[in-house]
Each structure stands twice: as C-alpha cells, then as structure tokens.
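Quick one, what's the 3D model for this:
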Amino acid sequence: MPNATAGIDDLINDIMLELYTHPMSPCAQKVRIVLAEKRLDWEKRHVELAEKENLTPDYLKLNPLGVVPTLVDEGQPIIESSIICEYLDDKFSQPELRPENPYQRAQMRFWMKHVDIKVHPSCGALQWPLLMADKLKQLSEAEMNAIIDRVVEKPRRERQRRLLKQGYDAPDIVDAVATYEKTINDMEQALSAQDWLAGDRFSLADAAMAPYFQTLYQFGWTEWYLSRKNVASWYERCMNRSSYQTGVAADFSAEKLVDLRRKGEIPWRKIQEHLGAG
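Here you go, the predicted structure:
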C-alpha cells in the first residue's frame, strides 16, 4: 500500500506493468521508449520470435494477432503498439507526449499512422530475412510451410513466403526501399522548420519513428539517412535521449552490432541497386 504522503513518482513506480516484448522488434522498442520517457517500472516478458512463441495458444489468448508487443496492465491486455503508446500517455500523463496544439497533434497522428501502415511493413520486409529466415530454412519444406501457415495475418504470412523464396529480389523489398526513401525525404522537409516531427518537442511521433532508424543503424545502412542533414540530426537527438538508451540501445552490445552489420553488408548492396533503379 503506497504511503499517503508519497510523491507522484513513487505512486507511479508502485504500479507494475508487464510488457511482452522482443529486443529486435521496432514496435516493442517504441513502447519501451514511451515507458522510459514516463519513468515507469515494468516487468519484461520475453517472447522468442525465432521460436514462434508469439504463435503459441497461450500468447494468442493475450494477443490474437500473434505479434509483439502486448502490454498487460492490471490483468488487462492492450495490443497494437500505437494504441499502447496512447494508452500510456492517457494513464500516465506526465511528461505528456502529445502536443497541446491541435494541428501539431494531428501531425503527430499522421506520422504514427504512416509508421503503422507504411514504414512498419517495409521494415519487416528488410529486417525479417536477416533475423528469421535462416532458422526456417533449416527445416524441411513441409515444416517450414506449417510454421508460416500459423502466421495470423495473411499479408504478413504471404510476405514471409515470398521473402523466403526470393530474398532481397522479392517485390516486397523494392516497395520497402521506395517507402523508406520517400519517408526520409518527407521527414527531411518536415524537420527543416522544427526539431521534432510534430513540433518543437519530442512526442509519440518521434518515439514511433525512431526505432525504424535503429534498423538502418544496426545493419550499417546509415548512409541512407546521413545524406539528409535534418533527418540525421533528428535521429542523433533521439539516440541521445536517455529513453532511447534504456529502451533500445541497451539491448545492442558492441558484439551484437558487429554481427548485425556483417549480416547487413550484402543486403545493403541490393538496397543500393534498388535505390539506383528508382
């Protein structure tokens, strides 16, 4: 029972949240950034995606989509990362991560929606073959298909089939490269007049977008955004926040980054080919 004279930070820290998460998931990373911005205590529930723990019956009871993250608060599961972020900002109002200005708040939601419907599937196409495909390829074709058949959402299921067969020559990669390139260009323009995506302070929009640049950073594809000075400065500001350091960077040791950048070398050549063709 919290002390009646405890400060608000003490009261907040007495509330334990559970987050079903994976260190490499950008959707989980953005929720972890928000949790860190709010200085909230939470309990980690690791979901091993390579072992398809996200498709087990127990996990599907929590999250019928079979993805991470899932937040559990007082026994109630909340799914979909952007909804989780807004839930946390509703329940734990300080520091507020949504602009007061209605137009800026609309811009925040525009970027969050863009991440959800455009950037996230593009990141999935670029990252999935490097992190998940090798383990599946060790199985027989029947075993491999049986696992992919369990993926809940058809677009994600069929994308994984194409990526397994075609790798970085899959049409999903071409589309993903084009989406990232347009996003970076649009951000460069938006950030020419302000420090953050939705105005003059860090918001849920920045928390949502930053993990998708972690993907570029961890695989050694930094040239992609470093050529745009406003975007490069924005991402540096994101990375320098303590919330990013604890919510994202802490999961990437120097040895892990060396391994990921080695894996990213050949795909980067294919990405450059697609950029040149565009």
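
what's the neighbour count on residue 51?
10 (other C-beta atoms under 10 Å). For every residue, glycine as well, the C-beta is placed using N, CA and C.

And the strands in this protein, which stretches?
Secondary structure of the chain by DSSP state E: the strands cover 17-21, 42-46, 70-73, 76-79.

Next, format those as a markdown table and append mean neighbour count, distance to residue 152 and mean pLDDT.
Supplementary listing: those in a markdown table, determined by neighbours: other C-beta atoms under 10 Å; distance: least, C-beta to C-beta, whole Å; pLDDT from 0 to 100:
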| stretch | mean neighbour count | distance to residue 152 | mean pLDDT |
| --- | --- | --- | --- |
| strand 17-21 | 21 | 15 | 97 |
| strand 42-46 | 14 | 19 | 97 |
| strand 70-73 | 21 | 13 | 98 |
| strand 76-79 | 14 | 12 | 97 |
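
Report the contact partners of the residue nearest to residue 271 when sequence neighbours are not counted.
Excluding the flanking residues, the one nearest residue 271 by C-beta to C-beta, 6 or more residues apart in numbering is residue 177, at 5.6 Å. Residue 177 sits next to 122, 126, 271, 274-275, 278 when contact means C-beta atoms under 8 Å, 6 or more residues apart in numbering.

now the stretch 151-278 of the chain, which segments are flagged as low pLDDT?
Low-confidence segments of the stretch 151-278 of the chain (pLDDT under 70): 278.

Would you map the helices across it?
Assigned by DSSP state H, counting those that start in this stretch, the helices in the stretch 151-278 of the chain fall at 154-166, 171-190, 204-218, 223-226, 229-240, 242-247, 254-277.

helices and strands around the fourth one, which ones?
Looking back up the chat, that one is helix 223-226. When contacts are defined as 3 or more C-beta pairs under 8 Å, 6 or more residues apart in numbering; DSSP states H and E, helix 223-226 packs onto helix 171-190, helix 204-218, helix 229-240.

Quick one, which of these gets closest to residue 27.
If you check each of those against residue 27 by C-beta to C-beta, helix 204-218 wins as the nearest, at 7.7 Å.

which one of the helices of the stretch 151-278 of the chain is the most hemmed in?
helix 204-218 (a mean of 25; mean count of other C-beta atoms under 10 Å).

Against which helices or strands is it packed?
Helix 204-218 packs on helix 26-37, helix 81-91, helix 102-114, helix 120-131, helix 223-226, helix 229-240, helix 254-277, going by 3+ C-beta pairs under 8 Å, 6+ apart.
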